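Enquirer: Provide a 3D model corresponding to the input given below.
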Amino acid sequence: MTADTTAPRRDTFHADRARRYDETIRRVLPGYDTLHALSAVMLETAGAGAAARVLVTGAGTGTELDVMARRNPGWHLVACDPAEGMLAVARTRLEEAGLDQQVSLHVGITDSLPPQAPFDAATCLLVLHFLPDDGSKLALLQSMARRLRPGAPLVIADMAEDPGSPRFRHLLTAWTHWQEEAGIDRQEIEKGLRHIERDIHFVPESRFSALLTEAGFTPPERFFGGLLFTGYLCHRTLET
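Expert: Numbers count the residues shown, from 1 in each chain. Have a look, this model is predicted:
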């Protein structure tokens, strides 16, 4: 059984909830739009190429698809997500923007994608922290590595912290204040904190790096940080 079979609880994202997700995520996640713009820039400058085939794991409502397709008209994006409601929102968004011909959407896990030539680049934004470190995180990373050509870049964003550390507690407090200042209702903030305690599987950055190395990637290089959220660039190792 692969990691994706224990994928994030995003299969609960029916269409109405998926639409609400887009309305709130920018207030909840510091630098949400910056993260997506920088993710595209990192791939563009890390060897993806002008006609790259890009694997997008956990495409959600399509924010990164929209950003990458607009910036790179020669790219073809192959995106998967187990939440049909999220991909329905992504499909509408891409069609309205005239970008749907650049993107192939697949409802399901990464391992369910049809066999194709290796991808030139990949993204995995805000997905891995939903998976427990019981082999599930590693299996998802290995699944992406198998689909990338040697040397291909991967941009990955995650919540990589040691939940027992003073730093974690400080960042969590700061994030609570951030949401309050963004006008999010206190009950919603408390609901989010319970969600983190129940559904988010943190690992320290050192463990995160070790998982990537074991899966077949180079050590991650940090390029983005927003409280508990961090973005990294790494590459598929040259060994196959």
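Enquirer: quick one: secondary structure of Cys80?
Expert: On the three-state scheme (DSSP: H, G, I helix; E, B strand; the rest coil), Cys80 is labelled strand.
Enquirer: what about it, how many residues nearby?
Expert: 22 (other CB atoms under 10 Å). Every residue, glycine included, has its C-beta placed from N, CA and C.
Enquirer: could I get the contacting residues of it?
Expert: 56-59, 105-110, 112-113 (CB atoms under 8 Å, 6 or more residues apart in numbering).
Enquirer: apart from its chain neighbours, what residue comes closest to it?
Expert: His106 (4.4 Å; CB to CB, 6 or more residues apart in numbering).
Enquirer: most centrally placed residue in the chain?
Expert: Leu125 (1.3 Å; CA atoms, centre = their mean).
Enquirer: helix or strand: which one has the nearest residue to that one once chain neighbours are set aside?
Expert: Distances taken as CB to CB, 6+ apart place Ala157 nearest to Leu125, at 4.4 Å, with adjacent residues excluded. Per DSSP states H and E, Ala157 falls inside strand 153-158.
Enquirer: counting by contacts, list what that strand packs against.
Expert: helix 32-44, strand 121-125, strand 229-235 (3 or more CB pairs under 8 Å, 6 or more residues apart in numbering; DSSP states H and E).
Enquirer: tilt between the helix or strand just after the longest one and helix 32-44?
Expert: Put plainly, it is helix 32-44. The first helix or strand that comes after helix 32-44 along the chain, using DSSP H and E, is strand 53-57. Counting by axes from the mean of the first three to the mean of the last three CA atoms, to 10 degrees, strand 53-57 lies at 140 degrees to helix 32-44.
Enquirer: and strand 53-57, how far out from the chain's middle?
Expert: Taking CA atoms, centre = their mean, to the nearest Å, one finds the center of strand 53-57 at 11 Å from the center of the full chain.
Enquirer: ok, residues contacting the next helix or strand after it?
Expert: Next along the chain after strand 53-57, taking DSSP H and E as the criterion, comes helix 63-71. Here helix 63-71 makes contact (CB under 8 Å, 6+ apart) with 22, 32, 36-37, 39-40, 43-44, 54, 56, 59, 75, 77, 79, 90, 93-94, 97, 99, 102-103, 123, 125.
Enquirer: among those, name the buried ones.
Expert: 22, 32, 36-37, 39-40, 43-44, 54, 56, 59, 75, 77, 79, 90, 93-94, 99, 102-103, 123, 125 (16 or more other CB atoms under 10 Å).
Enquirer: quick one on the thing from earlier: report the buried residues of the next helix-or-strand element following the strand holding Ala157.
Expert: Beyond strand 153-158 on the C-terminal side, the first helix or strand identified by DSSP H and E is helix 166-181. Across helix 166-181, burial judged by 16+ other CB under 10 Å covers 168, 171, 175-176, 178-179.
Enquirer: just the pLDDT for the nearest residue to Leu131 once chain neighbours are set aside.
Expert: Nearest non-adjacent residue to Leu131, counting by CB to CB, 6+ apart: Lys137, 4.8 Å away. Listed pLDDT for Lys137 reads 97.
Enquirer: and Lys137, how many residues sit next to it?
Expert: Using other CB under 10 Å, Lys137 has 25 neighbouring residues.
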